[in-house]
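Q: Just a sequence and a predicted model for now, questions to come.
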Amino acid sequence: MTTRSTIDPSQTGAAHPAATVKRTRCPVCLRATASCICRWISAIPHTVEVLILQHPLEVHNAKGSARLLHLSLPNSRMLTGEQFAPAILAALLADKHNVLLYPDTPGDRSLGIAPPPALDPAILLDPAQLRLVVLDGTWRKSRKMLYLNPQLQQLPRLPLRDTPASHYLIRKAHAPDQLSTLEATCYALMQLEQDVPRFVPLIAAFDGFVAQQLSYVMPHGEKA
């Protein structure tokens, strides 16, 4: 014989059903349902393939822009990890010319990071044969990802030219030219595909995303 007893969750430390509902996540953007960012997804057709390698600590970072970027770029892949198995990384980098979206940082040589090979301008002539590799993380995290994955060190790097000031008001930059992952990737695609207007809607959507995040931290009634 089975006896059913009714227990008050507040007496056992169990979560109240209402609290469980509040913690549910959107299956698309992976944010809490109350702060879903799917309305800012702006699907943009693009030719250059984009591979986003995201540091694990960025996955549920409310300030992160990589998920919005991935959902807005149909020809993109996104994987999470700090160190990737060489065979997996080799498969991800196969069949196309790969360019790493990362500045040349000579100071990293002392950390054991190999200097990147020179970027051959000829490989940029056919965007359909290009893959842009993007590291999503803080400066320190992305540098560690580069250090732990020698195959990434072997990729030529793409320098960004004449980028505007960042709109990333929700995260402190350590230098004036530092951009969010979304912004940097958009400006790189503008440069590689020689088409600025096509990616402007995604920058505009990013502005909406930033405004939404600011609304959670600004005092009531105060505007940024």
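A: Happy to help now that I have it.
Q: what are the phi and psi values for the spatially most central residue of the chain?
A: Nearest to the mean C-alpha position of the chain, counting by C-alpha atoms, centre = their mean, stands Ala66 at 2.2 Å. Torsion angles at Ala66 (phi, psi; degrees, to the nearest 10) stand at phi -70, psi -40.
Q: so what's it closest to, chain neighbours aside?
A: Leaving out its chain neighbours, the residue that sits closest to Ala66 by C-beta to C-beta, 6 or more residues apart in numbering is Asp136, at 4.0 Å. Any C-beta I mention is one placed from the backbone N, CA and C, and that applies to glycine too.
Q: Across the sheet, point out what pairs with that neighbour.
A: Asp136 has these beta-bridge partners by DSSP bridges: Gln54.
Q: quick thing: my sequence starts at 90, can you match it?
A: OK, 90 is where the count begins now, so the last one is Asp225.
Q: and it, how many neighbours?
A: When neighbours are counted by other C-beta atoms under 10 Å, Asp225 registers 27.
Q: And it, what's its pLDDT?
A: Predicted confidence (pLDDT) for Asp225: 96.
Q: what sits against it?
A: Ile141, Leu142, Gln143, His144, Glu147, Gly153, Ala155, Ser231, Thr270 (C-beta atoms under 8 Å, 6 or more residues apart in numbering).
Q: and the residue nearest to Pro134 when sequence neighbours are not counted, how many neighbours?
A: Once flanking residues are discounted, Pro134 sits nearest to Pro163: 6.8 Å by C-beta to C-beta, 6+ apart. Here the number of neighbours of Pro163 (other C-beta under 10 Å) works out to 11.
Q: Tell me the spacing between the residue nearest to Ala155 and Thr169.
A: With distances taken as C-beta to C-beta, to the nearest Å, Asp225 is found 9 Å from Thr169.
Q: How about Val139?
A: Taken as C-beta to C-beta, the span from Val139 to Thr169 is 15 Å.
Q: repeat for Gln302
A: Gln302 is 21 Å from Thr169, by C-beta to C-beta.
Q: for Ser231, same thing?
A: The value you get for Ser231 to Thr169, if C-beta to C-beta is used, is 13 Å.
Q: Same check on Ala293?
A: For Ala293, the distance to Thr169 - C-beta to C-beta - is 27 Å.
Q: What of Leu303?
A: 26 Å.
Q: Burial check on the closest residue in space to Arg128 that isn't next to it in sequence, number of neighbours?
A: In this structure, Arg128 finds its nearest non-sequential neighbour in Gly297, 7.7 Å apart by C-beta to C-beta, 6+ apart. Counted by other C-beta under 10 Å, the residues lying close to Gly297 total 14.
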